[in-house]
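**Q** Fold the following for me, if possible:
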Amino acid sequence: MKARYTVALSLLAGAALGVAAMQGLHAQAKLKAYSVGEVELIGTLPSDYLPNVRKAIEAAHGRALRTVNGRVVSIEGAPAPKNVAIVEWDSVDDAVAFYKSKAWTDFAPQREKAQKTIRRYVVEVEK
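**A** Alright, predicted model coming up:
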């Protein structure tokens with residue numbers, strides 16, 4: 001009789017470990033993503049704008065790569081934009097949620113006075 005209980009408990013423990021492992025693997029399955037904003041400066045951003053936006057991005061699981069004033073070199077196709085903002089995200093869902101969030105829309109008045117967004121998109125990275 002004890003052998004049956006041992007086998008039953010072993011099966012339950014194995015199943016519990018399997019479920020825990022599957023949850024861990026599922027959480028790791030999210031692919032990283034990058035948002036790319038092609039912008040043209042038409043004015044001057046307030047000095048506190050970029051630090052505040054970067055804090056909001058970090059709070060939303062993003063990492064700004066600080067490319068806004070970096071050199072952009074055209075290789076092929078249409079001319080490259082003058083400025084590109086690139087942010088690394090834990091997932092496409094995190095990026096989309098941020099750009100639809102109140103935190104991002106609250107910065108819109110400052111942003112619209114100083115820059116024209118040509119386009120902004122999110123790219124998911126394959127493993």
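**Q** Let me see the ranges of the helices in this protein.
**A** Taking DSSP state H as the criterion, the chain carries its helices at 2-28, 49-59, 92-99, 102-106, 108-114.
**Q** which of these has the lowest average pLDDT?
**A** Taking the mean pLDDT of each of the helices of the chain, the lowest value is held by helix 2-28, a mean of 55.
**Q** how close does the most centrally placed residue in the chain sit to residue 42?
**A** The residue lying closest to the centre of the chain (Cα atoms, centre = their mean) is residue 89, at 2.0 Å. Relative to residue 42, residue 89 is positioned 27 Å away (criterion: Cβ to Cβ, to the nearest Å). Where C-beta positions appear, they are placed from N, C-alpha and C, glycine not excepted.
**Q** now residue 87
**A** 21 Å.
**Q** For the two, work out which one has more neighbours and name it.
**A** When neighbours are counted by other Cβ atoms under 10 Å, residue 87 comes out ahead of the other of residue 87 and residue 42, with 26 against 10.
**Q** show me what contacts the more buried one?
**A** Residue 87 sits next to 34-35, 57, 62-65, 95 when contact means Cβ atoms under 8 Å, 6 or more residues apart in numbering.
**Q** Mark which of those are buried, thanks.
**A** By neighbour count, with 16 or more other Cβ atoms under 10 Å, the contacts of residue 87 hold 34-35, 57, 62, 64, 95 as buried.
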